[in-house]
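Chemist: With the input below, show me the fold.
(chains A and B)
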Amino acid sequence: MRSLATMILLTGVAAAESDGAASPSEVTEEPSQESPIGARDVRGAPAPGEESGRTDREPGDSVARKLGRAVLWVPRIPFELVARPIGGLIYLQDRYSVASEVADEFRTEDKKIAVYPTAFLETGFGLNVGGRATLSDVISKERFSGRVGFGGQYQWIANLSLSRRFGPVDVSLDGHREARNNDRFFGYGNVNLTTPADPIDPLTGNAGASARFRSRLLRGVARAAVQLPSNFSLVATSAVVHREFAPTDDSDSIDVLFDVMNLPGFMSDTTYLHDEITVAWDTRRRASKWDGHGVRSAGGLVLGFANHQHGLDNEPDFVRYGVDLQRAIRLAKGPRVLELRLYGEAVSGARDEVPFSELPRLGGANLLRGYQSGRFRDRIAAVGQVRYVWPALSWLAPSIFVDAGRVWASYDELTLRDLRVGFGGGLEVYGRAGLSTRAELATSIDGGIYGFLMFASVFDSRMEHQ
Amino acid sequence: MRALFALTLAGCAAASPIGGARFANEAPVWKVDDRKDVSKAPKKRDFYRYSYHFNSYYEHVRKTFELRRDRRALGVNSLDEVPDSTWFTNRVGMREVTTDEIRRGPAPSSPEEFRPWTPVKMKIGGTQVGFIAEDTRGVKFLLKFDTATLPELETGADAIAARLLWAAGYNVPADHVVYFSREDLKLRPNVEGLDEAAVAKVLANVAIENGKIRGIASVFIKGKILGGTARLGTHEGDPNDRIPHELRRDQRGQSALFAWLAHTDTKEDNTLDTWQVDPHDPSIHYVVHYLIDFGNALGADVLLSNHLYLGHHYEIDPAMALSEIASFGLIERPWENRKLTGLRGVGAYGVDDYDPGTWKPSTPAQLPVLWADRHDKFWGSKILIRFTRAQLAAAVDAARFTDPRSAEHLTNMLIERQRRTARFWFARVNPIDDITVRDGLVCFTDLAIHHKLTHRPTTFTVTAFDPDRRELARTTASPDAMGRTCLRPQLALRSDRYTILRIETSRDIPGTLVHVAEASGELRVIGIHRL
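Modeler: Numbering: from 1, shown residues only, chains lettered A, B, ... in the order given. Sure thing, here's the model as predicted:
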C-alpha cells in the first residue's frame, strides 16, 4: 500500500502545441490568387468600430444588474482568494518552469542522481517529513533508491532498494526498517468492539477493543518477477522479517485492554524467513480503445500464492496461502463496468502458534472498506467486493462499491453469518499510464466513515503487497 | 428615484416594437481601414499554455459573477454584415468564388510543383512530425505528415478545413496536400540537426506507399510573428485593433463554422497575428490575423485521441462531470454511439450525433467563439449555407484522398452538417436576407425557404413605423417558391422618409427591423436590426 497522502493534483490539458505555419524571418512570398488588399484600397474607409452606421447609443447596465453584481461580490471574494493564487502559481510554473527548476536543484545535470526532501500529510496520522534519493543507470540499467522519513504513521522509516531488469526478469533487493507508534489491534475473530473492564484474552475472549501498540520492523527482501506468455506471470520472493512489539503509554494501550501474555508473538520478538511463490493469470485490460486509459473494462485475474514462513528464532513454521479472483464485466459503452472480486487467505498454523502480526487481516483502504485498517484478524479471512464504475469524463470515473467479508478461526467454523459489510463511493483519476489517484469514502453496517486517498487500484492490493 | 425613472425608460425601450436602434442615412460600409501604418511592430504575445487554460475557466466564472450583459457583436456594418478588414474578407456568396479557387486555396500553386525541396530545420513542437523545407522558388513551408496508423487523416482535414474557412472569409496559410519521394529531399551539408539520419528518423514513422510520401505543406505566412490572437481585449501596440476581440462578429461568428467543420481544436495557439508589409507600399506595415492548424477538424481529433466525446463536452468539463456522477452512468450519451466509417482519411465526422446548438470545442478556451450569441451564429450560418455542393467537393478534392469513397462521404457529410447547422440557427433568427429596395418595392429572401430548410407554410407580416414608434400600416405577404417576398410599404411622412419595417414570419421567430430612408430621391436600406 502506498502512503496515504494529500496532494494538489494539477491535471494537464492535453493540448498540442501550435504547428504555427509562419516564420519570423524574411521569406520568399507565395503569391496569392486574389489581388491583395492594401492600405491604398481602404483609404478613406471608416476605422474599425465606426462601421455600424448606428446613431443611437448602446444602453448601459440596468440598476437591477448593478445590484446583482454588488450582491455577487460576496461569493466572488472567496472565489478570487482561491483562484488568484492558484492562477499565479500556474503562471509561475508556465513562465519560469518552477517545478523543474526546483527539481534541478536536487539532481545532477544528467538526472541520474537525485536527492530531495519529501513531505506527506498522511490521513489520520499527520505529517511525515524526510528525504529520498535515487540513482538511475549509474553503472548499468539499474535503479537504486533510498528513503528516510519521520512522523505520520511512522516514528521513523528507512528504506533502500535496488532493482534491475535482466531480459524478461525483474530483480529487486529491498532493505527496510521502520518504527511505528500507533498501530492498532482489535482482537481476534469477527468480534464487536467493547470497552472491557478487564483485559480480554485474545485467543478465547469473544470481544474486541481498539488498542494501540508500538512496533519495530526490519526486513530484507529479494524478489524476481517474470512475465510469461499468455498473460501469466510468476513472482518468487524471499524475505527475512524481524518484528518487535511494545505497549504504548496511553490508556488504550494493548496491555491495558488485552491480556498480551496470551497474544502470540507480542512478548517475544519474531524473525521469519518467508519464501513465497505467486502465480497470476491477468487479462484485465481496456476492452476498447475508446475506453478511458486505466479503466479495466474486460478480463480478469486469477492469482494464487503460497508463502512458507520459517521461524528463525524457534518460532513455529507455517504456510500462508491465498487466492485473488477478479472479473471485469463491461455492462455498456462508456464504459460502465461491474468489477467482481473474491479474495481469501489463510494460515496453516494454530491460532496460538502463529504470531498475531502474521495473521490475515481485513479492513482499511483495500480489503473490507468501511472498517479501520486491521479491524478483523484471524487464521482465515475472505472478502467479496463488487464495484460499479462509470465514466464522468475520459480521465475521471466515479464508482460505488460494496465489500462483504469476515474472518474465521478455522475451516470448521466457516459460515456466512455475521458478514461484515462496508459500502461507499469514490472517484478515480486516470492519466495516460493508468490510474493515478483514487479517493473514496466508505462506511459500514457498523457505522463510522472512512476516507482514503490512494495511488493504486483497490483491486491491486495483493499485487501491491508483493 | 432617478434610478427608478431610468429603469422605467429602459423597460419602455425594450417593449418598443421597433427597439432603440437607429441608423444614419448612409450607404453601408463594406471595408474598414485597419491598414493604417504601424511603424513599429507590436510586442509579441507570449503564450503560456497552462495559464491560458486555467484562465479559460476563471474567465467563465468571472463573467457569471459580473452578471455581464450579453452584448451584440461589434465590427458589423449597418446591414449586420462584416466589412472587409485584416481579419476577414467577404468571399463566398459575396463574390464569385470558383471551384478552382477553392481547390487551390489562398495560393495558386503548391510547393509540390517546385521540387526538389531542401529541408532546413526540424519541426519543433506539436504532435505531428515534420520539418521546415524550401522549394526551388525559395518558398519556405512546414512539411507535416500523418500518423502512420491513420493515413490521410490529419493532412486531409487540414486541407479541407483551411480551404473552406478561407473561402468563408478568413485568412489561413496555404496548406497543400503533397506527394513526393525521398529523392525529392535534398539535404544541405552542415545543417545542424538535419542529416540523413534525422530525416530517416522522421520518415520512419511515416507511411510510404509505392515510394510516395504524403504530407501537408503549410506555406509560411509572411511578416513578423506576433503570437496568437488574444481572445480578450485588443493587441497592445496595434492602434488598428480597436474592437475587443470577444465582441468581434468575425470572431464570434466562427462558432457556427467551427461546429459545421467540427474544428474542436480552436484556441489561441491555433491563431496567428503577423506584422506585414503592405503589398503596394513597403513603407506601410500593419497586423494581419490568421487562423492556422486544422488537422484535428472533421472528426480527425476523435480518431487521433480516441475520445468519442469531442464536440460534445470539454476535456475538463465540471458540469458534465457532475451530471455524469449524479446519473450513475444510466443516461446514454449521444457520442457513445458515434458511427465510424472506417474509410481511409475520414474522421468521426457525421450528423447522427451532431447538434449545432450544443456543439463544443475540446476546451472552453476560445472565449469569442463560446460567448457568441444566436445572431453571431446566424451570421456564420448564412456564410456556410452559401457553399454549393460543387464548391464543397472542390475543397474535399484538395485533400487528394486515395479512396474516392472518402471524398464522396466527406462531401455528403459537409452538406448534411451544413444544412443542419443552418436549419438550426435559421429557426432562431428570422432568416431574411438580400433585402433590396427598388422603385419603392421592398424585397427580401427567406433563406430557410430558399435553401429548402423548412417546408412550413410561411407568411410575413410587415408593419411600418416612423422613427417615433408610430405605426403607419401593416401588410401581409407570402414568399414565392424561392423564398422571395416583395411588397410596397407605406413610408413615413418625413423629408428623408425614414421608416422602420418590422418583418415578422409566421414561423415563431423574432422579427427583423429593416430601416429604409431616401437619399437623392432613391429609397434604400440603411440598417438592419435582427431581434
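Chemist: pLDDT score assigned to residue 114?
Modeler: Picking chain A for this. Listed pLDDT for residue A:114 reads 91.
Chemist: Chain B is the one I meant
Modeler: For residue B:114, the model assigns a pLDDT of 96.
Chemist: Can you list phi and psi of it for me?
Modeler: Backbone geometry at residue B:114, expressed as degrees, to the nearest 10, gives phi -130, psi 60.
Chemist: in the strand or helix carrying residue A:41, what's buried?
Modeler: Element membership for residue A:41 (DSSP states H and E) is helix A:39-42. Judged by neighbour count using 16 or more other C-beta atoms under 10 Å in any protein chain shown, the buried positions of helix A:39-42 are A:39, A:41, A:42. Bear in mind the C-beta positions are built from the backbone N, C-alpha and C, glycine included.
Chemist: ok, now stretch A:104-111?
Modeler: Those would be residue A:107, for stretch A:104-111 by 16+ other C-beta under 10 Å.
Chemist: how long is it end to end?
Modeler: 8 Å (C-alpha to C-alpha, to the nearest Å).
Chemist: SS state for residue A:83?
Modeler: Following DSSP: H, G, I helix; E, B strand; the rest coil, residue A:83 is assigned to helix.
Chemist: which residues touch the helix holding residue A:41?
Modeler: Here helix A:39-42 makes contact (C-beta atoms under 8 Å, 6 or more residues apart in numbering or on different chains) with B:31-37, B:84, B:278, B:280-281, B:284, B:286.
Chemist: Also stretch B:370-386?
Modeler: B:60, B:63, B:70, B:72-73, B:76, B:80-82, B:92-93, B:168-169, B:246, B:249, B:252-257, B:260, B:356, B:361, B:364, B:418-419, B:421-422, B:424-426, B:428-429, B:431, B:433, B:447, B:451, B:530.
Chemist: list the buried ones in it?
Modeler: Buried residues in stretch B:370-386 (16+ other C-beta under 10 Å): B:370-372, B:374-386.
Chemist: Equivalent analysis for stretch B:99-117, please.
Modeler: B:101-107, B:109-112, B:115, B:117.
Chemist: Turn those into CSV, including distance to residue A:46 and secondary structure.
Modeler: Output for the buried residues of stretch B:99-117, formatted as CSV (distance: C-beta to C-beta, whole Å; DSSP: H, G, I helix; E, B strand; the rest coil):
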residue, distance to residue A:46, secondary structure
B:101, 29, helix
B:102, 31, helix
B:103, 35, helix
B:104, 32, helix
B:105, 30, coil
B:106, 26, coil
B:107, 30, coil
B:109, 36, coil
B:110, 38, coil
B:111, 39, helix
B:112, 42, helix
B:115, 46, coil
B:117, 44, strand
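Chemist: May I see those residues organised as a markdown table, with distance to residue B:410 added?
Modeler: Output for those, formatted as a markdown table (distance: C-beta to C-beta, whole Å):
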| residue | distance to residue B:410 |
| --- | --- |
| B:101 | 19 |
| B:102 | 14 |
| B:103 | 14 |
| B:104 | 18 |
| B:105 | 16 |
| B:106 | 21 |
| B:107 | 22 |
| B:109 | 24 |
| B:110 | 20 |
| B:111 | 24 |
| B:112 | 21 |
| B:115 | 28 |
| B:117 | 28 |
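Chemist: Pick the one among those closest to residue A:225.
Modeler: Within the buried residues of stretch B:99-117, the smallest distance to residue A:225 is 50.1 Å, found for residue B:117 (C-beta to C-beta).
Chemist: nearest spatial neighbour of the closest one, skipping sequence neighbours?
Modeler: residue B:133 (4.2 Å; C-beta to C-beta, 6 or more residues apart in numbering or on different chains).
Chemist: per-residue confidence at the nearest residue to residue B:166 once chain neighbours are set aside?
Modeler: Residue nearest to residue B:166 in three dimensions, not counting chain neighbours: residue B:172, with 4.7 Å by C-beta to C-beta, 6+ apart. On pLDDT, residue B:172 comes in at 97.
Chemist: what comes up buried for the biggest helix by length in chain B?
Modeler: In chain B, with assignment by DSSP state H, the single longest helix is helix B:404-426. Going by neighbour count (16+ other C-beta under 10 Å), the buried part of helix B:404-426 is B:406-407, B:409-415, B:417-426.
Chemist: same for it, what does it pack against?
Modeler: Helix B:404-426 sits against helix B:153-168, helix B:254-261, helix B:374-384, helix B:389-397, helix B:447-450, with contacts defined as 3 or more C-beta pairs under 8 Å, 6 or more residues apart in numbering or on different chains; DSSP states H and E.
Chemist: how about the CA coordinates for the last one, as PDB?
Modeler: So that's helix B:447-450. Provided in PDB are the C-alpha atoms of helix B:447-450 (Å, rounded to 0.1, in the frame of the first residue of the first chain):
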ATOM      1  CA  LEU B 447     -33.100  31.800 -46.500                       C
ATOM      2  CA  ALA B 448     -34.800  28.800 -44.900                       C
ATOM      3  CA  ILE B 449     -37.200  28.600 -47.700                       C
ATOM      4  CA  HIS B 450     -34.600  29.400 -50.400                       C
END
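Chemist: Show the average pLDDT along whichever helix or strand comes after that helix.
Modeler: Per DSSP H and E, the first helix or strand lying C-terminal to helix B:447-450 is strand B:460-465. Here strand B:460-465 scores 96 as its mean pLDDT.
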